[in-house]
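*Asks:* need a structure here:
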Amino acid sequence: METRPANILSGKKASRACLAFTCAALSVIFTPSFAHEGASVPHEHPTTDTRATPREAATHVTGQIARSRGENTSAKSKVRFEIRDGYRIVTANGVPDHGIGRFPNSGNPNVLSEQSYTFRIPLDPQPPSAPVLTSDRVHRDNGYLFGVALNGVPFEPATGMNWTPEGVRRGGRPGDWVHEAIGGSVNFGIDHANAHLQRTGAYHYHGIPTPMVGDKQPTLLGYAADGYPTYGPLGYKDPTDARSPLVALRPSWQLKTIARPEQPQGPGGTPDGRYTSDFEFKPGSGDLDRLNGRFAVTPEYPKGVYHYVLTAAFPHVPRGFAAPPDTSFRRTPGEGPNHVEQRGDRLPVGDRNDAPAR
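*Replies:* Model (predicted):
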């Protein structure tokens with residue numbers, strides 16, 4: 001089966017054929033490998049990958065929760081992609097096809113449970129005419145999951161924990177001092193795959209799902225809610241030439257150099273990556289645009305496609321969309337992420353290097 005994506009680099013459109021694949025009843029740890037028949041080239045990754053998580057992400061550390069020894073859940077990964085009525089339809093139970101960290105843990109009291117996901121991914125999103133450099137060209141991610149991985153696990157970069165003068169509270173709003181899941185001063189219990197659990201037991205990625213990433217070519221990891229493919233951190237140095245060297249692509253977000261506002265307007269101190277607002281976009285400082293995206297050839301899209309890239313450094317997972325996201329990715333009101341603990345609405349503000357144990 002073959003899918004021919006839109007010829008983004010030349011501005012021409014190519015035909016798109018039917019794509020369907022099923023990965024059902026997969027072992028969480030012990031299945032050797034499986035293939036995803038995505039676009040024109042099958043994508044394969046081992047479920048027994050044991051490479052270490054990149055531990056340094058700009059100024060902060062990732063992968064603080066060790067990999068579980070043995071199978072820590074009886075649930076099996078179930079996911080199906082199919083083409084129907086102009087969409088990729090994804091049905092999944094949200095259980096990853098790789099081992100997960102130990103849950104509950106000191107930063108996350110939750111237990112993995114199967115979900116019932118149905119997502120619609122547009123097949124033909126309108127491609128941006130140029131790299132997305134200004135905020136007025138970004139479709140906001142308010143209330144939306146970013147996308148879904150090929151194993152049926154959602155990408156969700158933001159947290160619901162927000163700094164206030166009285167302490168850390170749930171329910172951060174855009175523009176507030178929202179704690180980052182990777183690098184914040186609150187322990188979110190992120191595991192080796194840069195993921196953890198919501199109160200509902202939903203496993204989700206806040207960064208690169210490292211067990212899925214290969215090192216021989218750009219790795220298709222999944223699709224965003226607006227329809228664009230999402231890749232791992234490696235890409236071709238020359239975005240138009242698949243024969244050019246494979247390099248780790250750099251985001252164009254940098255730490256701000258101006259101190260944060262003092263209380264009560266802000267937490268004060270020097271920006272160090274614990275809050276989303278510690279970062280600013282600096283065009284040209286990296287390889288990617290404001291949405292961690294770029295136009296480039298990939299194994300699945302040899303004529304080129306606009307796609308998102310997950311990176312070890314902020315923003316890890318993009319914080320917005322190049323096209324309108326499908327409403328199937330909108331979280332149910334009142335059921336947004338809560339990644340720390342179930343009791344109380346306020347937590348003490350912990351030091352970055354001495355997060356409160358929970």
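*Asks:* show me where the stretch 151-300 of the chain has strands.
*Replies:* 154-155, 161-164, 167-170, 177-178, 195-197, 203-205, 220-224, 229-231, 234-236, 246-248, 253-255, 279-281, 293-296 (DSSP state E, counting those that start in this stretch).
*Asks:* repeat for the stretch 1-150 of the chain
*Replies:* Counting by DSSP E, counting those that start in this stretch, one finds strands in the stretch 1-150 of the chain at the ranges 20-26, 33-36, 43-46, 56-57, 60-61, 77-84, 87-92, 117-122, 147-149.
*Asks:* re the thing from before, how about the strands of the stretch 151-300 of the chain, which one is nearest Ile121?
*Replies:* Nearest of the strands of the stretch 151-300 of the chain to Ile121, taken as Cβ to Cβ: strand 220-224 at 4.8 Å. Where you see a C-beta, it was placed from the backbone N, CA and C, and this is true even at glycine.
*Asks:* which strands border that closest one, and is each parallel or antiparallel?
*Replies:* If you go by DSSP bridges, strand 220-224 pairs up with strand 147-149 (antiparallel), strand 229-231 (antiparallel).
*Asks:* could the strands of the stretch 151-300 of the chain be laid out in a markdown table, adding mean neighbour count and mean pLDDT?
*Replies:* Shown next, in a markdown table, are the strands of the stretch 151-300 of the chain (neighbours: other Cβ atoms under 10 Å; pLDDT from 0 to 100):
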| stretch | mean neighbour count | mean pLDDT |
| --- | --- | --- |
| strand 154-155 | 26 | 98 |
| strand 161-164 | 20 | 87 |
| strand 167-170 | 17 | 80 |
| strand 177-178 | 20 | 90 |
| strand 195-197 | 27 | 95 |
| strand 203-205 | 28 | 97 |
| strand 220-224 | 28 | 95 |
| strand 229-231 | 25 | 95 |
| strand 234-236 | 20 | 98 |
| strand 246-248 | 14 | 97 |
| strand 253-255 | 18 | 96 |
| strand 279-281 | 17 | 96 |
| strand 293-296 | 21 | 96 |
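*Asks:* compare those and report which one is nearest to Val111.
*Replies:* The closest of these to Val111 is strand 195-197. By Cβ to Cβ, the value is 7.1 Å.
*Asks:* how far off centre is the closest one?
*Replies:* For strand 195-197, the separation from the chain centroid amounts to 11 Å (computed by Cα atoms, centre = their mean, to the nearest Å).
*Asks:* what lies in contact with it?
*Replies:* For strand 195-197, contacts defined as Cβ atoms under 8 Å, 6 or more residues apart in numbering pick out 65, 96, 100-101, 103, 107-108, 110-112, 153, 181, 188-190, 203-207, 209, 339.
*Asks:* could I get the pLDDT score of the residue nearest to Pro325 when sequence neighbours are not counted?
*Replies:* If you skip the residues right next to it in sequence, Pro325 has Ala225 as its closest partner in space, 3.5 Å away by Cβ to Cβ, 6 or more residues apart in numbering. Ala225 is assigned 97 on the pLDDT scale.
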